[in-house]
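Visitor: Let me see the structure of the following:
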Amino acid sequence: MIPRTETALHNHSWQWYLRHAIRNTDELAKALKIDIDPVPTAFPLFVPAPYLSRIERGNPDDPLLLQVLPRHAENQVVEGYVNDPLQEVEQIKGNGIIHKYRGRILIVTTGACAINCRYCFRRHFPYAKSQLSHRDWHNVMSYIKEDPTIREVILSGGDPLLMSDNQLSDFVKMLGEVNQITHLRIHTRLPVVIPQRVNETMLSWISGTKLRVIVVIHANHEHELDDQVHQAVQKLISAGVSVLNQSVLLKNVNDNCEALCNLSWRLSSIGALPYYLHRLDKVAGTAHFDIPATRARKLIAQMKNRMPGYLVPRLVSEIPGSGSKQELIA
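Guide: Residues are numbered from 1 along each chain as shown. Reported below is the predicted structural model:
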């Protein structure tokens, strides 16, 4: 049973919210007091209570709901939308290792997430064949040492904060023993989806490493950032972490100047810096979220005319084979 009172909602461990997350449309419809048409999909519904609490009841067009609700459009075959648009499988260098760019490597720690975002660019990724296991840790360290240009390790997934703190602490300790590594970046949606994940145990291993830690959270709309998220971000900052945010430009979610500006203002007020605004990766099942590049550029141009420069995220697109993400200049 999902807790209904505001006090009860924040009284549980982050693992409790995972165990009690909503997993079917009947539960979701009942919780939000709306009619939802069940949609058969291989990418299941998964919504924890803290995130659910921010969705407006009775509003089928709520921008947070649209990010998590399976729709029939996902099952339509659209030309140009494929399972691996970033060609990441070709960049796998061993279990858990994706090496796209000079100077840093990405570690696929797990295939699990705290919420199933319908626009996910790895919704078809072969996690079972490539995610990190404990026996692969030493292989990761060996790979790093063979390439002295690698200075940063990026933990991704899935969501790396679904690993236990004991596992993360041990892995980060091993990274800290590799002299060439100076920076650790963690890409995670958990501080937004289940802010209770930012607990004292987590903060202990983060503050205990000599590595420069950057946490990149992921919010697409200001309504995702409630007071609990604010507290989680402040805890990270107090532990010496730099907190950035990346968003995805999504049709009917945040594809207007007001929504994007409000998101940036809210991010700044809680202590997170707008970092990237991604154009949608052309993943099979996500075409209904896409908007034209010309419109994306226009939105960024409008933001530049209304916002301080430091609150305007970089509009980027990832092109397979490029040495970095490509900025779309307004």
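
Visitor: In this structure V193 contacts S53, no?
Guide: No - under the criterion of C-beta atoms under 8 Å, V193 is not in contact with S53, lying 11.1 Å apart. All C-beta spots, glycine's among them, are computed from the backbone N, C-alpha and C.

Visitor: The two: which has the busier surroundings?
Guide: Between V193 and S53, counted using other C-beta atoms under 10 Å, V193 has the larger neighbour count: 31 against 16.

Visitor: Let's test this: what are the backbone torsions at that one?
Guide: phi -80, psi -50 (degrees, to the nearest 10).

Visitor: how close does it sit to I22?
Guide: According to C-beta to C-beta, to the nearest Å, V193 and I22 sit 12 Å apart.

Visitor: Give me the common contacts of these two.
Guide: By the contact definition C-beta atoms under 8 Å, 6 or more residues apart in numbering, V193 and I22 are jointly contacted by P48.

Visitor: Show me the contact partners of stretch 137-156.
Guide: Under C-beta under 8 Å, 6+ apart, the answer for stretch 137-156 is 93-97, 99, 102-109, 132, 170-171, 174-175, 178, 180-187.

Visitor: Please read the previous query as pertaining to stretch 36-44.
Guide: With contact meaning C-beta under 8 Å, 6+ apart, stretch 36-44 is reached by 23-26, 28-29, 60, 69-72, 74-75, 116, 118, 120, 123, 285.

Visitor: Of those residues, which belong to helices?
Guide: Under the assignment DSSP state H, the contacts of stretch 36-44 contribute 25-26, 28-29 to helices.

Visitor: Quick one, which of the contacts of stretch 36-44 are buried?
Guide: Among the contacts of stretch 36-44, the ones that count as buried by 16 or more other C-beta atoms under 10 Å are 25, 28-29, 69-71, 74, 116, 118, 120, 123, 285.

Visitor: Kindly reformat the residues you listed as CSV containing distance to M202 and pLDDT.
Guide: As requested, the buried ones among the contacts of stretch 36-44 are exported to CSV (distance: C-beta to C-beta, whole Å; pLDDT from 0 to 100):
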residue, distance to M202, pLDDT
T25, 32, 95
L28, 29, 97
A29, 34, 97
L69, 30, 97
P70, 31, 96
R71, 34, 96
E74, 33, 94
N116, 23, 96
R118, 28, 96
C120, 24, 93
R123, 26, 87
G285, 32, 94
